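Chemist: give me the fold of what follows.
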Amino acid sequence: MPNPHTVSDAWMPLAGTLGTVVRERLAQTVLDHLIHPLLVVSADGTVLHSNFAGYQFIAGRHGLQVKDGKLKTTRRDEDGNLGELLIALSDPAVRHARPGVLTLPSRQGRNPKVVLLMPMRPTPSTAAKAAKMPEGLVLVAVIDPPHRLLPDDHLVRSVYGLSVAESRIALKIAAGKSLSQIALESRTSLHTVRSQLKAVFAKTGTSRQAQLALTLSALAPAMIMAVT
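Modeler: Numbering: from 1, shown residues only. The predicted structure follows:
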């Protein structure tokens, strides 16, 4: 996650010699590889930018929506809280505002998603001035607490020398699925799944499913989703 007190570093160019267009394209590429939905919103709720995960989240109507270009909650009773937070956090006079927090209940009534609202403040550096970052913007990030970050299938195979089938099983174990679920989804026998899991244990130096899940999760960068 970005620093909750300031996300201005996200606007820093990767190199001072890069042109504005190149910096914007690089920034867009980086944002689109972040697994969490991110939206840049103004004080009145106007959505100025969103990464790919953000578009998907809004399209799925998981608690947030965009109406007439403005960010709203799907529950009217929460719209007032969202509006108040956007106004408070977009105030340029407040230099060290604490992040705002909203919770979005799931449709099943459990595992609510957490929405963090963080002020975007330009830094006094020359690079930040060159980027001409406007004031009064808020970064909206949606966090799914139970979501497990997993590495890319190709990365797992490359690091541990797993076969395609072994890698698939390893990642499903890391995602919390049982052997019977994996067998059903793979349309194979439970005996075959257990045999392949044994091979995975040997190649990864693990001996338990929980240990395997922890080992694989360590390969996943904190916020980056592998390109497929």
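
Chemist: quick one: low-confidence ranges for the protein?
Modeler: In the prediction, the chain carries residues with pLDDT under 70 at positions 1-35, 95-97, 106-111, 122-134, 145-149, 220-228.

Chemist: how about the strands in it?
Modeler: With DSSP state E as the criterion, the chain has strands at 38-42, 47-50, 64-67, 70-73, 100-104, 113-120, 137-143.

Chemist: now mean neighbour count and distance to residue 92 too, for those, in CSV please.
Modeler: Heads up, the C-betas are built off the backbone N, CA and C, glycines and all. Formatted as CSV, these follow (neighbours: other CB atoms under 10 Å; distance: least, CB to CB, whole Å):
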stretch, mean neighbour count, distance to residue 92
strand 38-42, 22, 12
strand 47-50, 16, 16
strand 64-67, 16, 24
strand 70-73, 18, 20
strand 100-104, 16, 16
strand 113-120, 21, 9
strand 137-143, 22, 10
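
Chemist: in TSV: those, plus distance to residue 215.
Modeler: Rendered in TSV, the data for these read as follows (distance: least, CB to CB, whole Å):
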stretch	distance to residue 215
strand 38-42	28
strand 47-50	34
strand 64-67	34
strand 70-73	38
strand 100-104	32
strand 113-120	27
strand 137-143	24
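
Chemist: quick one: which of the ones you listed is nearest residue 188?
Modeler: Taking CB to CB as the criterion, residue 188 comes closest to strand 113-120 out of these, the separation being 34.2 Å.

Chemist: am I right that residue 118 is in contact with residue 137?
Modeler: No - assessed by CB atoms under 8 Å, residue 118 is found out of contact with residue 137, at 9.9 Å.
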